[in-house]
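**Student:** turn this into a model:
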Amino acid sequence: MSLTLTSSAFTHGSEIPAKYTCEGQDISPPLAWSGVPAAAKSLVLIVDDPDAPDPAAPKMTYVHWVLYNIPVSASSLAEDVEQLPSGTLAGLNDWRRPDYGGPCPPIGRHRYFHKLYALDTLLPDLHNPTKAALEAQMKGHIVAHAELVGTYKQRR
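**Tutor:** The predicted model follows:
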């Protein structure tokens with residue numbers, strides 16, 4: 001069985017409901033996964049937008065959420081998660097905060113990649129790492145990867 005990542009709020013390739021964006025409550029969507037390999041010791045979740053600032057001329061990947069050392073015994077994150085699974089640590093998003101920041105594209109329809117990685121190790125406490133710092137620590141330790149992509153375009 002391969003690692004899969006899903007949400008009850010949207011399907012792969014579909015629009016993320018406004019509730020989870022800056023135009024709504026800006027809360028994290030519910031996420032669930034299955035198929036964690038037996039060799040996995042921890043999970044990492046990274047949510048980012050490779051279409052920033054304009055999908056017609058992207059210049060950067062904007063990071064919305066970074067979580068690591070999610071225990072392999074966990075199988076989901078609730079909507080508007082306040083109590084992360086025991087041991088889970090947060091990294092910094094591009095607002096320089098260690099929490100979820102929802103889609104808020106300045107122009108056009110953007111893609112939001114929810115990426116779940118299974119690692120063969122537990123990472124050290126990196127003290128609010130950036131995505132880049134976390135990915136450097138993950139190198140050589142990824143045993144499985146799953147993606148869920150949602151899109152969003154502001155209505156205003």
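**Student:** gap between the residue nearest to S28 when sequence neighbours are not counted and A38?
**Tutor:** Of all residues not flanking S28 in the chain, Y100 sits nearest, at 4.0 Å (CB to CB, 6 or more residues apart in numbering). Bear in mind the C-beta positions are built from the backbone N, C-alpha and C, glycine included. Per CB to CB, to the nearest Å, Y100 is found 29 Å from A38.
**Student:** higher neighbour count, these two?
**Tutor:** Taking other CB atoms under 10 Å, Y100 and A38 do not tie; Y100 has more neighbours (22 against 7).
**Student:** and the contacts of the helix or strand where W65 lies?
**Tutor:** Under the criterion of DSSP states H and E, W65 resides in strand 60-70. With contact meaning CB atoms under 8 Å, 6 or more residues apart in numbering, strand 60-70 is reached by 28, 42-50, 52-53, 84-85, 87-94, 98-103, 112, 122-123, 126, 129-131, 134.
**Student:** now, of these, which are buried?
**Tutor:** Buried members of these, counted by 16 or more other CB atoms under 10 Å: 28, 42-49, 52, 84-85, 88-94, 98-103, 112, 123, 126, 129-131, 134.
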